[in-house]
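Q: attaching a predicted model along with its sequence, questions to come.
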Amino acid sequence: MTEMIDVLNADGTKTGRAAPKEQIFRKGLWHRGATLCVINDRGEFLLHKRSPHKRWVPNVWANGTAGRVDAGESATDAIIRESFEELGLTIPESDLIHIGNFRVEEENPPHGWSRVIFDVFLIRGDYRLNRMRLNVFEVSEARYVAIDKLEEFMDRNPTITTLRDHIWPMVKKYLETNEGLNKCIQ
């Protein structure tokens, strides 16, 4: 079955059209994505290594999970679905914290353009690695990194640019503003 995705205007409003995922990338059409950051009970940040089978940025570290929002689907529903598909996590909607969004516009030859408006979610809790079921076509490895060591980890390991440039700064600001970043690293 062809994966259909809602096409957006550059300002994020829906055009009323949907297109197959391949066409979205080939034509560089704007669409919505969702991404999730997981912080466990010990204040560690979940990272996963993208599978070598991935078309876009294989073999690099990324935050918890992410994916495209299917046609007619909400970003919340998409991140719940992606969390289960990629990591085997069942996440209650009531535990999700929406902390913002950002835009990405980048070329990935020969596959086309990625023009995405991402919704960023955060979840905190007892999400243990030994309870996760990694989808080998999506994720090759997962680990937690202490929040105070995360920037050092990203400097030393191949990391997806959206985590370094958009997601982590957004999460860090949220934690500093709402919870006190120091509480997370103690």
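A: Received the coordinates, thanks.
Q: which strand residues bridge Arg143?
A: Leu47 (DSSP bridges).
Q: hmm, Arg128 and it touching each other?
A: No: using C-beta atoms under 8 Å, Arg143 makes no contact with Arg128, being 11.9 Å away. In short, each C-beta sits where N, CA and C put it, glycine included.
Q: could you check which of the two has the larger neighbour count?
A: Neighbours were counted for Arg143 and for Arg128 using other C-beta atoms under 10 Å; Arg143 has more, 13 against 10.
Q: how about Ile160, what does it touch?
A: By C-beta atoms under 8 Å, 6 or more residues apart in numbering, the contact list for Ile160 reads Arg50, Val57, Val60, Trp61, Ala62.
Q: repeat that for 10 Å
A: By C-beta atoms under 10 Å, 6 or more residues apart in numbering, the residues touching Ile160 are 35, 47, 50, 56-57, 60-63, 66, 154, 166-167.
Q: now Gly88
A: Arg131, Met132, Arg133, Leu134, Asn135, Val139.
Q: pull the number of nearby residues for the last one.
A: Under the neighbour criterion other C-beta under 10 Å, Val139 is assigned a count of 22.
Q: show the pLDDT at it.
A: The per-residue pLDDT reported for Val139 equals 96.
Q: could you check how far the residue lying closest to it once chain neighbours are set aside is from Arg131?
A: Spatial nearest neighbour of Val139, excluding adjacent residues (C-beta to C-beta, 6 or more residues apart in numbering): His48 at 4.6 Å. His48 is 14 Å from Arg131, where distance means C-beta to C-beta, to the nearest Å.
Q: out of those two, which sits in the busier spot?
A: In this view His48 and Arg131 are compared by other C-beta under 10 Å, and His48 has more residues nearby, 22 against 11.
Q: list the contacts for the closest residue to Thr159 other than its chain neighbours?
A: Distances taken as C-beta to C-beta, 6+ apart put Trp61 closest to Thr159, at 4.7 Å, once the chain neighbours are dropped. Contact analysis of Trp61 by C-beta under 10 Å, 6+ apart lists 47-50, 141-143, 145, 153-154, 157-160, 163-164.
Q: that concludes my questions; thank you for your assistance.
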